[in-house]
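Undergrad: Sharing a model prediction with you, sequence too.
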Amino acid sequence: MTLHVDCLRGMNAHHNAETIFKAFGRALRMALEVDARAADIVPSTKGSL
């Protein structure tokens, strides 16, 4: 995986690092969690593009 992060605000490197790790963790969790609304559906874009 290639990850590119821009810190648009903030001057404190410690707080910038905290923000990056927290945002990445939240995004990763959202990407990996099972969506209860699509429990029996195989994720696919076939036929919809």
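TA: Structure's in. What do you need?
Undergrad: Below-threshold pLDDT in this protein: ranges please.
TA: Scanning the chain for pLDDT under 70 picks out the ranges 49.
Undergrad: residue ranges of the helices in it, please?
TA: In the chain, the segments counted as helices under DSSP state H are 13-32.
Undergrad: how close does the spatially most central residue of it sit to Ala39?
TA: Central residue of the chain (CA atoms, centre = their mean): Ala27, 2.0 Å from the mean position. The span separating Ala27 from Ala39 equals 22 Å under the rule CB to CB, to the nearest Å. C-betas here are computed from N, CA, C, even on glycine.
Undergrad: before we move on, what about Arg9?
TA: Here Arg9 is placed at a distance of 39 Å from Ala39 (CB to CB).
Undergrad: ok, now Asn16?
TA: In terms of CB to CB, Asn16 sits 38 Å off from Ala39.
Undergrad: neighbour count winner among those two?
TA: Remark: of Asn16 and Ala39, Asn16 carries more neighbours, 14 against 7, as counted by other CB atoms under 10 Å.
Undergrad: show me the contacts for the more buried one.
TA: Cys7, Gly10 (CB atoms under 8 Å, 6 or more residues apart in numbering).
Undergrad: ok, it to Leu3 distance?
TA: 15 Å.
Undergrad: for Lys46, same thing?
TA: For Lys46 relative to Leu3 (CB to CB), the value is 28 Å.
Undergrad: what do you get for Ser44?
TA: Taking CB to CB, one finds Ser44 at 26 Å from Leu3.
Undergrad: Next: Gly25.
TA: In this structure, Gly25 and Leu3 are 12 Å apart, going by CB to CB.
Undergrad: more neighbours, these two?
TA: A count of neighbours by other CB under 10 Å puts Gly25 above the other of Gly25 and Leu3, at 10 against 7.
Undergrad: May I have the residues that are in contact with the more buried one?
TA: Applying CB under 8 Å, 6+ apart to Gly25 gives no contacts.
Undergrad: Leu32 too?
TA: Contacts of Leu32 (CB under 8 Å, 6+ apart): none.
Undergrad: I'd guessed Gly10 sits against Ala17; true?
TA: No: counting by CB atoms under 8 Å, Gly10 stays clear of Ala17, with 10.0 Å between them.
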